[in-house]
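Visitor: What shape does this take:
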Amino acid sequence: MSGFWTVLYAFGGCIGFCILFHLRGATAFWAALGGALGWTVRTALQWYGGPLGGEIPACFFAALAVTAYSELLARLTRKPVTCYSIVGILPMVPGGGIYYTMRHCLNGDIDAFAASCLHTMGVAGSLAIGMLLVSSLTRLFSPQRRRLEKMAAGGTEPPAD
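Guide: Next up, the predicted model:
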């Protein structure tokens, strides 16, 4: 299947979750576009990534892209970051991997279970670490944090930046 169609399907799937999460209008469009962005990064790295072409590193860098996009869009639209980040990360959640892990477990195939479990946990962990890294750096360098630190040190409200 061509890359364009998979990105379009990721966008459509994200629109479905926007409806489920009661996101409407432009917010739903921009959130779904974040999911399409993440899927594009993941697919491009898997196809052309060289040493970064495995699924786990591709998901890590896609999570970095989706979270940076979400942080930026949340500041521009004055909406919570989770509106964009949760919807944007959903196409990469390893649902199939979880299913196959449980299937191997229930069938008693221990070797396939262990391999599937490690791979699924690697993908999920790479998504979590990518999101955590960008979110932490954003909080660390945000102007609001500096304003709060000045308030705590001086005891008064500093002028707005």
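Visitor: I'd say A31 and C14 touch.
Guide: Yes. Here A31 lies in contact with C14, judged by C-beta atoms under 8 Å, at a distance of 6.4 Å. The way it works is simple: take the backbone N, C-alpha and C, and place the C-beta from them, glycine included.
Visitor: shared neighbours of these two, anything?
Guide: 87-88 (C-beta atoms under 8 Å, 6 or more residues apart in numbering).
Visitor: so how far is R103 from A112?
Guide: For A112, the distance to R103 equals 9 Å [C-beta to C-beta, to the nearest Å].
Visitor: Longest helix in the chain, please.
Guide: Criterion DSSP state H: the longest helix present in the chain is helix 110-140.
Visitor: who does that helix touch, helix- and strand-wise?
Guide: Where contact means 3 or more C-beta pairs under 8 Å, 6 or more residues apart in numbering; DSSP states H and E, helix 110-140 is packed against helix 55-77, helix 81-89, helix 95-107.
Visitor: Tell me which of these is the most buried.
Guide: Comparing the helices and strands packed on helix 110-140 by mean neighbour count (mean count of other C-beta atoms under 10 Å), helix 81-89 comes out on top with a mean of 23.
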